[in-house]
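Participant: how would this look folded up:
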Amino acid sequence: MKLITVEAAFAASDLQAAMTLFEDQAETVRNMDGCHHYALFSRPSGDGVAILQHWDSMEAFDAYRASETFATLGQGLRPMMTSPPVTVVAEFDTH
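Facilitator: Okay, the predicted model is just below:
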């Protein structure tokens with residue numbers, strides 16, 4: 001299984017709008033094939049978010065990244081980001 005974290009930075013004035021966009025799409029992501037967990041957290045510093053995701057495989061995660069949902073998120077979020085998002089992928093065993 002893949003543990004994927006994504007951190008994205010936003011101006012404090014845009015943080016709530018960014019979180020709302022994520023939250024609006026979260027249930028759709030959670031219902032995608034291969035998604036076991038998708039949770040959004042705001043940074044304590046108030047300047048960004050972290051998304052914690054569990055996917056069956058990179059193929060499942062890549063299917064999400066090729067989806068209309070991901071495109072919608074990117075279209076809304078990219079103009080608000082203060083720097084490129086940072087994605088970290090780790091492998092873990094569920095047994």
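
Participant: Give me the residue ranges of the protein where confidence is low.
Facilitator: 95 (pLDDT under 70).

Participant: now the strands for it?
Facilitator: Along the chain, the segments classed as strands by DSSP state E run 2-9, 35-42, 48-55, 86-91.

Participant: Among those strands, show me which one is buried the most.
Facilitator: strand 48-55 (a mean of 19; mean count of other Cβ atoms under 10 Å). For every residue, glycine as well, the C-beta is placed using N, CA and C.

Participant: Can you tell me which helices and strands it packs against?
Facilitator: strand 2-9, helix 15-30, strand 35-42, helix 58-65 (3 or more Cβ pairs under 8 Å, 6 or more residues apart in numbering; DSSP states H and E).

Participant: Could you export the ones you listed to CSV, including columns for distance to P79?
Facilitator: What follows is the helices and strands packed on strand 48-55, written out as CSV (distance: least, Cβ to Cβ, whole Å):
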stretch, distance to P79
strand 2-9, 12
helix 15-30, 10
strand 35-42, 19
helix 58-65, 19
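
Participant: L73 is nearest to which of the ones you listed?
Facilitator: helix 15-30 (5.5 Å; Cβ to Cβ).
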